[in-house]
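*Asks:* Here is the input, now give the coordinates:
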Amino acid sequence: FDAASSIIVRDMLQAGECFLGVLVSLIGLGTLISSTGLALRKYEGNPWHDLIRGEVLLLAIPISVVVVPYVAPGTGRIMVGVLCFIGGLGNGLAIVQTLTLLQLVAPEGAVGRISGIYQGAIAVSQLVAAVLTPFLASSYLSLPAIFGVLTVVMIFLMVRIWVSTKRAVS
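*Replies:* Purely as a prediction, here's the structure:
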């Protein structure tokens, strides 16, 4: 979404950079609310379940791009705004619990190294997405198609995590 957001806002939602700022702020607000909720939660919870919940909520962002071509631009702006906020809620859950799980599953003395590898992988994947998305969108696939594929991949990832953790707990 980061790599294609300006195209989505300008071409699909027929809005400007001010609206892009609103979307980024809505994602950030959702992230802040959910991560604060985790920090203030009175019970420990299961980080795997929170991660899956976060990923489900995070699906709202790519789904918004898939759906927006089928609605009027005004309706699309409202819909994408709401879905970006919901996705931000998921982003907070996913980020906090991913880092929690890294600390829980990493062998003693390797947390820093594993965390560094994880952060490096995130940076590389964002760079690859920023370079490839405009190329793919203009040459081979539409943005809604790219985000549709992304949604399906995220669903498969969530199912894989759910099945793996269910087996490990059983």
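
*Asks:* Any idea which residue is closest to the centre of the chain?
*Replies:* Ranked by distance to the mean C-alpha position of the chain (C-alpha atoms, centre = their mean), the top residue is residue 58 at 4.4 Å.

*Asks:* Look up the closest residue to that residue, ignoring the ones flanking it.
*Replies:* Among residues not flanking residue 58 along the chain, residue 90 sits closest, at 3.4 Å (C-beta to C-beta, 6 or more residues apart in numbering). All C-beta spots, glycine's among them, are computed from the backbone N, C-alpha and C.

*Asks:* So that neighbour sits against residue 54, correct?
*Replies:* Yes. Contact criterion C-beta atoms under 8 Å: residue 90 and residue 54 qualify, at 4.4 Å.

*Asks:* Specify which residue of the two has the higher count of neighbours.
*Replies:* For the pair residue 90 and residue 54, the greater number of neighbours falls to residue 54 (27 against 24), based on other C-beta atoms under 10 Å.

*Asks:* need the contact list for the more buried one.
*Replies:* With contact set as C-beta atoms under 8 Å, 6 or more residues apart in numbering, residue 54 has these partners: 34, 89, 90, 91, 92, 93, 94, 95, 97.

*Asks:* go with 6 Å
*Replies:* Shown in contact with residue 54 (C-beta atoms under 6 Å, 6 or more residues apart in numbering): 90, 93, 94.

*Asks:* what about residue 2, neighbour count?
*Replies:* 12.

*Asks:* gap between it and residue 65?
*Replies:* 12 Å (C-beta to C-beta, to the nearest Å).

*Asks:* cool, residue 33 as well?
*Replies:* Residue 33 sits 23 Å away from residue 65, taking C-beta to C-beta as the criterion.

*Asks:* For the strand or helix carrying residue 99, name the packing helices and strands.
*Replies:* For residue 99, the host element (DSSP states H and E) is helix 73-105. Applying 3 or more C-beta pairs under 6 Å, 6 or more residues apart in numbering; DSSP states H and E, we find helix 73-105 packed against helix 17-40, helix 47-58, helix 60-67, helix 111-139.

*Asks:* got JSON lines for those helices, with distance to residue 153 too?
*Replies:* Shown next, in JSON lines, are these (distance: least, C-beta to C-beta, whole Å):
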{"stretch": "helix 17-40", "distance to residue 153": "20"}
{"stretch": "helix 47-58", "distance to residue 153": "11"}
{"stretch": "helix 60-67", "distance to residue 153": "9"}
{"stretch": "helix 111-139", "distance to residue 153": "12"}
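
*Asks:* All good on my end, thank you.
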